[in-house]
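[1] What follows is a predicted structure for the sequence shown.
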Amino acid sequence: MRRFRFSIFVPLLAAWSIVGEPETPTHVDGAPPSKIAVVGAGIGGSATAHFLRQHFGPEVQVDVYEKGEVGGRLATVTVNHNDYESGGSIIHSLNLHMQEFVKQLGLKYRRNVAGKTAVFNWRGDDSGGDRLVLAGFVPPVVALRN
């Protein structure tokens, strides 16, 4: 065990001596940065940009870079005149973060979702591949509507 710790410690010490101390940020006076880049406009990147804007205000430029469609894996589909979130892995009605988002964004929610069919597409695209339809399945999710 002692030899194992030593064999990890030596390369780490050598790497630290080559790289050195991390550079000090240029805004050490406590001032916010003038620009922030967020990579990705999925739910994580979009939420990050939103909360950065709330935190820093309009004085800081927040740029979001996305190579695909905004929303990432999240998508809304309409089935029988009802809108469903189809891309997220799961949005559970007891998720406190989602309850807070619903309140902050002024969304309406319904505890009972019409229909008893769930459609899953693991590829996350419109190819139709890897689709699974489960009849008689009622997921414990909240349908969010604007």
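    Alright, I've got the coordinates. Quick caveat, the model's predicted, so the values are computed rather than measured. Numbers count the residues shown, from 1 in each chain.
[2] So which bits of the helix or strand harbouring residue 36 are buried?
    Using DSSP states H and E, the element containing residue 36 is strand 35-39. Neighbour counts using 16 or more other CB atoms under 10 Å place 36, 38 of strand 35-39 among the buried residues. Every residue, glycine included, has its C-beta placed from N, CA and C.
[3] pLDDT averaged over the very next helix or strand once past that strand - what is it?
    On the C-terminal side of strand 35-39, the nearest following helix or strand under DSSP H and E is helix 43-56. The predicted model assigns helix 43-56 a mean pLDDT of 88.
[4] got the buried residues for helix 43-56?
    45, 46, 48, 49, 50, 52.
[5] State the distance from the second one to residue 79.
    Taking CB to CB, to the nearest Å as the criterion, residue 46 is separated from residue 79 by 24 Å.
[6] Next: the first one.
    Here residue 45 is placed at a distance of 27 Å from residue 79 (CB to CB).
[7] now swap in the third one and tell me
    The gap separating residue 48 from residue 79 is 31 Å, by CB to CB.
[8] rewinding a little: nearest to residue 103, of the buried residues of helix 43-56?
    Taking CB to CB as the measure, residue 103 lies nearest residue 50 of these, at 14.4 Å.
[9] Run through the chain and note the low-pLDDT ranges.
    1-28, 85-93, 109-146 (pLDDT under 70).
[10] 90 - rerun?
    1-32, 41-47, 50-51, 54, 68-146 (pLDDT under 90).
[11] Alpha carbons of stretch 56-66, in CSV - could you do that?
    In CSV, the C-alpha atoms belonging to stretch 56-66 read as follows (Å, rounded to 0.1, in the frame of the first residue of the first chain):
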residue,chain,number,x,y,z
PHE,A,56,-24.5,39.4,-12.5
GLY,A,57,-27.2,41.5,-14.2
PRO,A,58,-26.9,43.2,-17.6
GLU,A,59,-23.4,44.5,-17.0
VAL,A,60,-21.8,41.1,-17.8
GLN,A,61,-22.0,39.8,-21.3
VAL,A,62,-23.2,36.1,-21.3
ASP,A,63,-22.7,34.3,-24.6
VAL,A,64,-24.2,30.9,-25.2
TYR,A,65,-22.6,28.7,-27.9
GLU,A,66,-24.5,25.7,-29.3
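[12] what does that stretch rub up against?
    Residues from elsewhere that reach stretch 56-66 (CB atoms under 8 Å, 6 or more residues apart in numbering): 32-42, 45-46, 49, 52-53.
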